[in-house]
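**Q** This is a predicted model, with the sequence first.
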Amino acid sequence: MTKPLRRSPYKMNHTIIAIDIAKSSFHVVSMKHNKVRTDRAFTRQKLKEWLAKQPASLVVIEACGSAHYWARYAQSLGHQAKLIAPKHVKAFRQGHKTDQNDALAIATASLQPKVKSVAVKTVEQQGLQSIDRISQHLSDNQTAVSNMLRGLLAEFGIIIPKGISAFKERIPEILEDGENGLPDPLRHQIAAMFYSYLD
């Protein structure tokens with residue numbers, strides 16, 4: 001499929017396209033002059049094709065997983081994109097939590113003057129945020145592993161001083177010490193976790 005041509009600068013035509021996004025199914029409600037014009041589900045590819053055919057509109061999405069991608073995609077087609085925090089969408093949901101009701105709530109929330117939007121991140125901004133999240137996750141994971149191994153070894157009377165450097169220094173010594181009473185299966189498992197921790 002060829003990439004859709006970018007439209008001329010955005011001109012508001014009072015059409016709101018609210019999208020409840022998911023991994024493979026997307027529910028869309030479009031409204032014009034407060035009347036629902038579209039209320040249907042799309043696959044990922046069909047949604048892309050449908051959006052490319054719509055006149056320049058305000059595309060509104062709940063700020064959740066992949067929302068920034070879809071906002072940027074809508075912008076590339078000449079639409080204006082707006083992300084709304086989930087807490088604001090929830091306040092306007094009527095009935096049970098369904099994809100259709102969520103899309104309607106997103107559309108309704110977008111019409112409220114006091115509901116603030118979330119800035120759409122550029123690819124570069126999202127990349128930097130992703131790097132920060134990965135780094136934090138790795139750091140949290142290392143802390144969890146070191147705390148768990150310290151606790152398990154303490155049950156065998158083996159104490160490791162506080163600090164990452166002490167942990168990294170002591171574990172190899174503990175693994176090599178055949179007289180410290182660690183059962184061999186546990187010794188092998190600790191070794192596997194420790195060297196995985198270092199990767």
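**A** Structure received.
**Q** got the end-to-end distance for stretch 80-92?
**A** Distance across stretch 80-92, first residue to last, is 22 Å (C-alpha to C-alpha, to the nearest Å).
**Q** One more: stretch 18-37?
**A** Comparing the first residue of stretch 18-37 with its last one, the separation is 11 Å (C-alpha to C-alpha).
**Q** what's in contact with it?
**A** The list of residues contacting stretch 18-37 from outside it, by C-beta atoms under 8 Å, 6 or more residues apart in numbering, reads 13-17, 38-44, 47, 50, 54, 57, 59-62, 64-67, 70, 99-100, 102-104, 106-107, 110-111. Using the backbone N, CA and C atoms, a C-beta is placed for each residue, glycine as well.
**Q** as a whole number, average confidence for it?
**A** Averaging the model's pLDDT scores along stretch 18-37 yields 89.
**Q** domain ranges for this structure?
**A** Domain assignment for the chain by the TED database gives 16-120, 125-198.
**Q** and the last one, what's its mean pLDDT?
**A** Just to be clear, that refers to domain 125-198. For domain 125-198, the mean confidence score works out to 92.
**Q** distance between the ends of it?
**A** Criterion C-alpha to C-alpha; first-to-last residue distance in domain 125-198 is 29 Å.
**Q** All the helices of this structure, residue numbers only.
**A** Taking DSSP state H to define them, one finds helices in the chain at 44-53, 67-76, 86-90, 99-110, 123-154, 164-176, 184-198.
**Q** Nearest spatial neighbour of the residue nearest the centre of the chain, chain-adjacent residues omitted?
**A** Closest to where the C-alpha atoms of the chain average out (C-alpha atoms, centre = their mean) is Gly65, at 3.7 Å. In space, Gly65 comes closest to Ile21 once its chain neighbours are excluded; the distance is 7.8 Å by C-beta to C-beta, 6 or more residues apart in numbering.
**Q** Pop out the phi and psi values for that neighbour.
**A** phi -90, psi 150 (degrees, to the nearest 10).
**Q** what's the neighbour count on it?
**A** Ile21 sits with 22 neighbouring residues when counted by other C-beta atoms under 10 Å.
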